[in-house]
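In: Next comes the sequence, and after it the predicted model I'd like to discuss.
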Amino acid sequence: MPNKEHHVAMVRPPKERRLAALGLEPLGSNEVSARFRMRLDKRVAAVLEGMTPTQRGEALVIGLRALGLLEGVEDEQETR
């Protein structure tokens, strides 16, 4: 008995088109989507929830750079 979903690949639009229809863009080659639990002030959490995933990632990177916590990590990426 054939799989009921065997035809889906033939009629499904490309991933890029499906993501664009949702207002999203595919992850870059060096990007991952991750979930972390954080303890935050409610006001800060509300601001983060209002940001896009890209904006949240940029804000995190800026904060980690300001704290000097990305120095070793960024050096590793440059040598690759």
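Out: On my side now, so go ahead.

In: What is the three-state secondary structure of the residue nearest in space to the middle of the chain?
Out: Central residue of the chain (C-alpha atoms, centre = their mean): S33, 3.8 Å from the mean position. Look at S33: counting by DSSP: H, G, I helix; E, B strand; the rest coil, its state is coil.

In: cool, and the one 10 residues further on?
Out: Local secondary structure at R43 is given as helix here, using three-state DSSP.

In: separation between it and G50?
Out: 11 Å (C-beta to C-beta, to the nearest Å). Bear in mind the C-beta positions are built from the backbone N, C-alpha and C, glycine included.

In: And for R39?
Out: Distance, R39 to G50, using C-beta to C-beta: 19 Å.

In: Between those two, point out the one with more neighbours.
Out: A direct count of neighbours by other C-beta atoms under 10 Å for R39 and G50 places G50 higher, at 9 against 5.

In: what's the distance between the top helix by length along the chain and the middle of its chain?
Out: Counting residues, the longest helix found in the chain (DSSP state H) is helix 53-67. Between the centre of helix 53-67 and the centre of its chain there are 12 Å (C-alpha atoms, centre = their mean, to the nearest Å).

In: what's the average pLDDT for that helix?
Out: Taken as a whole, helix 53-67 carries a mean pLDDT of 94.

In: what comes into contact with it?
Out: For helix 53-67, the external contacting residues (C-beta atoms under 8 Å, 6 or more residues apart in numbering) are 33, 48, 51, 70.

In: what residue ranges in this protein score low on pLDDT?
Out: For the chain, the stretches flagged by pLDDT under 70 are 1-5, 9, 74-80.

In: R12: what's it in contact with?
Out: R18.
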